[in-house]
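S.K.: quick one, what's the 3D model for this:
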Amino acid sequence: NIADFSLTNCHGEKISLHEYCGKVKAMWILLAAAWCPVCKEFVPQAKKIADLYYPKVELWVVLGEDYFGAKPDKNDCMVYAKSLNLNPALTFFDPEWETVISNIYPYNAQGVPFNYLLDGDNMQYIWSDGIGGNLENELLNIINN
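M.R.: Just a heads-up that it's a prediction; the model follows:
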């Protein structure tokens, strides 16, 4: 199970992962970079999928680099969220994804976009890119168990 950690959203509020324990069936954490063209295409698709399964699924988009590959700040986060029609309260900035990677996947993510799925009941690490399988199938497995 993933230990609790907090991320700062685009409003500058620190949000704890464990605040969602027992409130959702699945936590989906998506690492993205503002400069990444694949992220620009994938993040809206992920939002549509998460919206389809809401309120069972909570999607957090975590911005780790700004448009220049540098560390993002609150302003970069807000610009990114607005550009992709994301909820700024559930869009976060985590420079170089340091907090997420150090708490969930200590071997570093393997490029962006990068997805993690956690069981919402206990924040158990269930799946991430690179493990194999299909993201939406894995998401449905969590929701239906």
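S.K.: going by C-alpha atoms from here, please, whenever you check contacts or count neighbours.
M.R.: Fine.
S.K.: just the element for the residue nearest to the spatial centre of the chain, please.
M.R.: Against the mean C-alpha coordinate of the chain, by C-alpha atoms, centre = their mean, the closest residue is Ile29 at 2.3 Å. Assigned by DSSP states H and E, Ile29 falls within strand 26-33.
S.K.: same for that strand, what does it pack against?
M.R.: helix 37-53, strand 57-65, strand 114-119, helix 135-144 (3 or more C-alpha pairs under 8 Å, 6 or more residues apart in numbering; DSSP states H and E).
S.K.: how about low-confidence regions in the chain?
M.R.: Within the chain, the ranges that satisfy pLDDT under 70 run 106-109.
S.K.: how about the contacts made by Asn103?
M.R.: Ile2, Ala3, Phe5 (C-alpha atoms under 8 Å, 6 or more residues apart in numbering).
S.K.: if we can go back for a sec, right, and the helices and strands packed on strand 26-33 - which one's nearest Phe92?
M.R.: Proximity to Phe92, assessed across these by C-alpha to C-alpha, is greatest for strand 57-65 (4.7 Å).
S.K.: who does the closest one pair up with?
M.R.: Partners of strand 57-65 in the sheet, by DSSP bridges, are strand 26-33 (parallel), strand 91-93 (parallel).
S.K.: any idea how far it is from the chain center?
M.R.: 3 Å (C-alpha atoms, centre = their mean, to the nearest Å).
S.K.: same deal with stretch 84-101?
M.R.: On C-alpha atoms, centre = their mean, the centre of stretch 84-101 falls 7 Å from the chain's centre.
S.K.: buried residues in it?
M.R.: Across stretch 84-101, burial judged by 16 or more other C-alpha atoms under 10 Å covers 86-97, 99-100.
S.K.: likewise stretch 137-145?
M.R.: Within stretch 137-145, the residues scored as buried using 16+ other C-alpha under 10 Å are Glu138, Leu139, Ile142, Ile143.
S.K.: can you list those residues in JSON lines and add distance to His11?
M.R.: Conversion of the buried residues of stretch 137-145 to JSON lines gives the following (distance: C-alpha to C-alpha, whole Å):
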{"residue": "Glu138", "distance to His11": "31"}
{"residue": "Leu139", "distance to His11": "28"}
{"residue": "Ile142", "distance to His11": "30"}
{"residue": "Ile143", "distance to His11": "29"}
